[in-house]
Each structure stands twice: as C-alpha cells, then as structure tokens.
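Asker: Just need the structure, nothing else, for what follows:
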Amino acid sequence: MASTNFSLSSPPIFSGENYQIWAIKMKSYLQAFDLWDSVENNTDPTPLLENPTLAQIKIHNEERAKKYKAKTCIESSVSETIFIKIMACENAKEAWDLLKEEYEGNDQTRRHIKISCVVPPKGPKIRATSTPTATGNEADNIVVASSAAPQPETMKLMMMG
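Answerer: Below is the predicted model of the structure:
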C-alpha cells in the first residue's frame with residue numbers, strides 16, 4: 001500500500017492589504033483541515049446521547065475542537081495589528097465576519113468599483129467616472145478608447161442591490 005505524504009504550508013498572513021486574496025487562500029487553508037464549516041456556520045456538534053460509546057465521544061470531542069482550531073488558525077494568520085482587532089471575538093465566525101466587514105466592506109462600500117486594466121503599450125485607454133442616476137443608484141461609466149476607433153465606446157455598469 002502506497003502512502004501519500006502531503007504537507008501544507010503555513011497559513012497566509014494578513015497585514016491589512018489584499019483582503020480578498022488572503023480570504024480566498026485562508027478559506028482553502030481551513031477547508032484543507034476540515035475547519036471551514038466551523039467558520040461558516042459556527043454550530044455546536046449534536047449533544048451526546050445517554051450512554052455514548054467511546055467512538056461517539058471521540059467524534060463529538062473532535063467536532064467540538066474544530067471551532068477552537070478554526071479560531072486559532074485565523075488568529076495565527078494575521079499580523080499583530082490585525083490580531084488586536086479580533087482578539088475579543090468569541091469564535092472563528094465572529095473573527096472572520098469582523099475582518100470581512102472591515103476590509104472587504106459592506107454593501108455600501110462594495111458599490112465603489114476599482115477597475116484595473118493591464119494593456120500593452122499603445123493599447124486602449126480606460127477612463128472610469130461615477131455619476132448618480134435619476135433613481136438614486138450610482139452608475140459607473142467606463143470609457144474605452146482605442147486609436148483604431150474614431151469614437152470611444154461607453155459601457156455603463158448599474159449597481160444592483
């Protein structure tokens with residue numbers, strides 16, 4: 001029987017920048033250890049029945065420990081400055097949600113779109129503007145101009161939500 005050696009690198013460290021990248025990597029890291037469900041749902045394991053077997057007790061204790069392991073993973077994957085912000089959190093979900101709210105933003109802050117475009121030299125020029133619409137929703141206009149096109153094309157993005 002062949003054995004498989006698999007080792008995970010240490011968790012990504014979040015220092016306050018590139019939250020979206022850190023969150024994706026951290027979610028994968030937690031999933032690799034079967035801890036993501038503890039972050040996402042924060043549910044306690046089903047209570048033990050009367051007269052549980054040793055196997056049932058072991059499974060129950062392992063499931064209960066996942067909440068603490070997930071919290072420890074998150075705390076270990078942030079800088080000291082960020083740790084200070086989450087150290088009072090009671091569980092992994094609370095810490096995760098606090099970081100998400102602060103660094104990814106809420107519905108209001110997600111409405112602001114940052115557009116980056118990597119183009120070759122002499123490629124299209126991109127200009128983004130933001131103007132309120134008659135309905136009060138914010139609309140972003142992206143103007144793409146190319147030296148080959150006589151008129152720039154305008155694409156409108158309507159923020160829903």
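
Asker: For the chain, give me the ranges with low pLDDT.
Answerer: 1-8, 106-161 (pLDDT under 70).

Asker: Pull out the buried residues from stretch 61-79.
Answerer: By 16 or more other Cβ atoms under 10 Å, the buried positions in stretch 61-79 come out as 63, 66, 67, 69, 70, 71, 73, 74, 77, 78. In this view, the C-beta of every residue, glycine as well, is placed from N, C-alpha and C.

Asker: Quick check, the third one in contact with residue 95.
Answerer: Read that as residue 67. No - between residue 67 and residue 95 there is no contact under Cβ atoms under 8 Å: 11.3 Å.

Asker: Whichever helix in the chain runs longest - contacts with which helices or strands?
Answerer: The helix spanning the most residues in the chain, taking DSSP state H as the definition, is helix 54-76. With contacts defined as 3 or more Cβ pairs under 8 Å, 6 or more residues apart in numbering; DSSP states H and E, the packing partners of helix 54-76 are helix 19-32, helix 36-41, helix 80-86, helix 92-99.

Asker: Most tightly packed of those helices?
Answerer: A comparison of the helices and strands packed on helix 54-76 by mean neighbour count, using mean count of other Cβ atoms under 10 Å, puts helix 92-99 on top with a mean of 20.

Asker: sorry, back to before: CSV for the helices and strands packed on helix 54-76, including distance to residue 11?
Answerer: Shown next, in CSV, are the helices and strands packed on helix 54-76 (distance: least, Cβ to Cβ, whole Å):
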stretch, distance to residue 11
helix 19-32, 5
helix 36-41, 13
helix 80-86, 13
helix 92-99, 13
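
Asker: so which of those helices gets nearest residue 57?
Answerer: helix 36-41 (19.1 Å; Cβ to Cβ).

Asker: Now that closest one - C-alpha only, CSV.
Answerer: Taking C-alpha atoms only, helix 36-41 is exported to CSV below (Å, rounded to 0.1, in the frame of the first residue of the first chain):
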residue,chain,number,x,y,z
TRP,A,36,-14.3,25.9,7.2
ASP,A,37,-17.7,24.7,8.3
SER,A,38,-16.9,25.9,11.8
VAL,A,39,-16.2,29.4,10.4
GLU,A,40,-19.2,29.5,8.1
ASN,A,41,-21.8,28.1,10.4
